[in-house]
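Peer 1: build me a model from this:
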Amino acid sequence: MRQVRIDLNQFYILSKNNLVNRSKYTILLFCSGLSFYSNCSYQKEVPNDPLVQLFVINFANEYYSNSCKNPKLVLRKNTNHTIELKPNEKSWFRFSYEDYKAQSGVTDYFFKITKQSGTAVQFYTNNNCLTYADSAYKRLPIATSATEDTYRLYKSDFESYSTFGASENGYYLEILSGNPNLIIRQY
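Peer 2: The predicted model follows:
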């Protein structure tokens with residue numbers, strides 16, 4: 001009769017590996033079952049709330065049609081634009097890159113605000129619309145009168161130095177007092 005020798009250490013390792021594999025299969029089966037149950041079970045459909053829908057539409061419309069990244073207006077060269085400012089509301093705009101590229105040899109660019117006497121307005125620039133949409137600084141006019149403010153524009157107001165394409169700057173006006181109806185013009 002032959003003696004069979006069994007190494008208990010190898011037997012223990014084999015049984016431990018089977019236990020680990022069984023645990024993996026059990027977890028996989030449990031997760032698959034849970035996924036199937038959650039995706040395929042009956043779910044009562046919740047009716048749409050019209051007030052929530054209006055809120056989402058208004059929020060998306062405000063963000064995508066009047067923000068630093070998506071301004072409400074592109075200001076064309078030598079064109080008067082009438083805007084009405086509202087207190088605590090920014091009306092974003094951008095200067096036309098196409099008009100800038102079309103005027104070769106011109107080195108002086110200006111932005112003019114025509115207003116009624118007694119109206120106080122401030123002009124803001126944001127150079128970081130892609131990164132910091134809330135970081136704007138106030139620009140100072142080079143000439144001012146009771147009915148007009150004139151600002152100098154620079155190459156960076158039209159063209160990006162990093163991409164040599166259209167500038168991603170954003171601009172807005174803030175009404176401090178007086179009549180909120182203004183005429184703005186880039187020339």
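
Peer 1: OK, contacts around the residue nearest to the spatial centre of the chain?
Peer 2: Geometric centre of the chain, nearest residue: Lys69, 5.2 Å, by CA atoms, centre = their mean. Lys69 is in contact with Cys129, Leu130, Ala133, Glu168, Gly170, counting by CB atoms under 8 Å, 6 or more residues apart in numbering. Quick note: C-beta positions are derived from backbone N, CA and C, even for glycine.

Peer 1: and those residues as CSV, adding secondary structure and pLDDT?
Peer 2: Formatted as CSV, these follow (DSSP: H, G, I helix; E, B strand; the rest coil; pLDDT from 0 to 100):
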residue, secondary structure, pLDDT
Cys129, coil, 77
Leu130, coil, 71
Ala133, coil, 63
Glu168, coil, 79
Gly170, strand, 86
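
Peer 1: buried subset of the residues you listed as a ChimeraX selection?
Peer 2: Buried residues among the contacts of Lys69 (16 or more other CB atoms under 10 Å), as a ChimeraX selection:
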select :129,168,170
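
Peer 1: show me where the chain has strands.
Peer 2: Secondary structure of the chain by DSSP state E: the strands cover 73-75, 81-84, 91-95, 109-114, 120-126, 137-139, 143-144, 148-153, 170-177, 181-186.

Peer 1: tell me which strands and helices the last one is in contact with?
Peer 2: With contacts taken as 3 or more CB pairs under 8 Å, 6 or more residues apart in numbering; DSSP states H and E, strand 181-186 sits against strand 73-75, strand 81-84, strand 109-114.

Peer 1: over to the first one?
Peer 2: Contacting strand 73-75 under the criterion 3+ CB pairs under 8 Å, 6+ apart are the following elements: strand 81-84, strand 91-95, strand 181-186.
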